[in-house]
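Student: just need the structure, nothing else, for what follows:
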Amino acid sequence: MPGMNYDRYCDFIGSSSELTRLKEKVEHIARSDAKILVTGESGVGKELVARRIHKFSPRATWPFVAVNCAGLPEALLESQLFGHVKGSFTGAYRDRLGQFEVADKGTVFLDEVSEMTLRMQGLLLRFLETGELQKVGLDRQTRTVNVRVVSATNRSLREMIAEGTFREDLFYRLDVIHVEVPPLREHKEDVPQLIEHFLKRFSQNGGSRPRTLAPEVIGMLVDHPWPGNVRELENAIEHLVVTSRADVIQVDDMPLSIRRPRAVAVRPKVERRRAVVDDLYRQVIDERQSFWTSVYPMYMRRDITRSNVRDLVRRVLKEARGNYKIVTRLFNLQPQDYKKLLNFLRKHDCHVPFKEYR
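Tutor: Numbering: from 1, shown residues only. You can find the predicted model right below:
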């Protein structure tokens, strides 16, 4: 993108052997034009990898466009990617270019590609095969574009293929080159450099005086398991910079979640997915937090996926014996939120049929 500070958005912070190998691989594969699938846990920096691939590619002077496939319902995602013509749907007051067209000659990053519906997967597959754009509201292709596609997911696409929720032919189109980003717990020696980087950034952005961390605090941060990876560490440092009044941050300034972490084991992906749903369930059922203030913000920030929300709905709907009005109450919402909740679930493809639970 013109004027983008690539040093800020593309640099890997750290010097561990794991990160060094990742840097070298990314810079090597960037020179080709092959499609790349980036995988790794939530918060490891998959978009950072995609931006660095673009930076070192022959397409670097052309646009880099990122699209979150999990944050939009199917109809809006189709419009976002392929564009639409005026009058094609309610609210389409003018023609709009899709992101594939905007990024012509550049790179498109499809984040959370696993959250696409099967229909959208079919549309994406056709585009990857032909490069032809068909805007929403037209029954013909409008033009051909030339973009490199880098996609990312924190889920196992092979497991989804076995479940029938992801197309095998699309998987092979996307997974020409595979890049796995390691979780932070596998390169903990980079934590001190990351801390220094985030301390400097948040102090400068907030206009506050520079802060330092007591040695005990640094040790605690290095030893923390960081299930949310670099994103969780970034949020923790921002919390400390904003809330601490002292120049040297002490252990007592640390959030309780870091001072008293729950045991986090390295679990298979199916178990981690179940653990996420357990946490969401505990928040809304045991701690009686509202769905709108707990689950909804995490989904919109991409901390949880559409599948996580769907699993939560399925679990609570089972308890409610298929009654969404009871689900509304269990989600600690007002009765008048019933239709709003259903609309949200349908819009984001999180709705679960109720009949199988009655």
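Student: rest of the way, CA atoms for contacts and neighbours
Tutor: Fine.
Student: all helices for the stretch 151-300 of the chain, in order.
Tutor: Here the stretch 151-300 of the chain has its helices, by DSSP state H, counting those that start in this stretch, at 157-163, 168-174, 191-206, 215-223, 229-243, 256-259, 269-281, 295-300.
Student: which of those sits closest to K25?
Tutor: helix 168-174 (17.6 Å; Cα to Cα).
Student: what helices or strands is that closest one leaning on?
Tutor: helix 118-130, strand 148-153 (3 or more Cα pairs under 8 Å, 6 or more residues apart in numbering; DSSP states H and E).
Student: per-residue confidence averaged over that helix?
Tutor: Helix 168-174 carries an average pLDDT of 96.
Student: just say helix, strand or coil for the residue nearest to the spatial centre of the chain.
Tutor: With distances taken as Cα atoms, centre = their mean, R302 lies nearest the centre of the chain, 4.4 Å away. Three-state call for R302 (DSSP: H, G, I helix; E, B strand; the rest coil): coil.
Student: which of the helices and strands packed on helix 168-174 sits most buried?
Tutor: Ranked by mean neighbour count under mean count of other Cα atoms under 10 Å, the helices and strands packed on helix 168-174 are led by strand 148-153, which reaches a mean of 24.
Student: other residues contacting that strand?
Tutor: Contacts to strand 148-153, defined as Cα atoms under 8 Å, 6 or more residues apart in numbering, come from residues 33-40, 46-47, 50, 105-114, 174.
Student: direction included, what does it pair against?
Tutor: Applying DSSP bridges to the sheet, strand 148-153 is found paired with strand 36-39 (parallel), strand 107-111 (parallel).
Student: of the ones you listed, flag the one that's most buried.
Tutor: strand 107-111 (a mean of 26).
Student: dump the residue contacts of E18.
Tutor: Contacts of E18 (Cα under 8 Å, 6+ apart): 182, 186-187.
Student: quick one: which of those residues has the most company?
Tutor: With neighbours taken as other Cα atoms under 10 Å, the top of the contacts of E18 is P182, carrying 18 neighbours.
Student: look up phi and psi at that residue.
Tutor: phi -70, psi 150 (degrees, to the nearest 10).
Student: quick check: closest non-adjacent residue to it.
Tutor: G40 (6.5 Å; Cα to Cα, 6 or more residues apart in numbering).
Student: contact partners for the one you found?
Tutor: Shown in contact with G40 (Cα under 8 Å, 6+ apart): 46, 153-155, 180-183.
Student: per-residue pLDDT of it, please?
Tutor: 93.
Student: what about it, distance to R158?
Tutor: 14 Å (Cα to Cα, to the nearest Å).
Student: same thing with F100?
Tutor: F100 is 26 Å from R158, by Cα to Cα.
Student: what about the two, which has more around it?
Tutor: Set F100 next to R158 and count neighbours by other Cα under 10 Å: F100 wins out with 28 against 14.
Student: what sits against that one?
Tutor: 81-82, 108, 145, 147.
Student: same check, this time on R314
Tutor: By Cα under 8 Å, 6+ apart, the residues touching R314 are V352.
Student: for my notes, confirm it occurs in a strand.
Tutor: No. If the criterion is three-state DSSP, then R314 is helix and not within a strand.
Student: pLDDT value on it, please?
Tutor: 91.
Student: just R262 next, same as before
Tutor: 52.
Student: ok, T293 next?
Tutor: 89.
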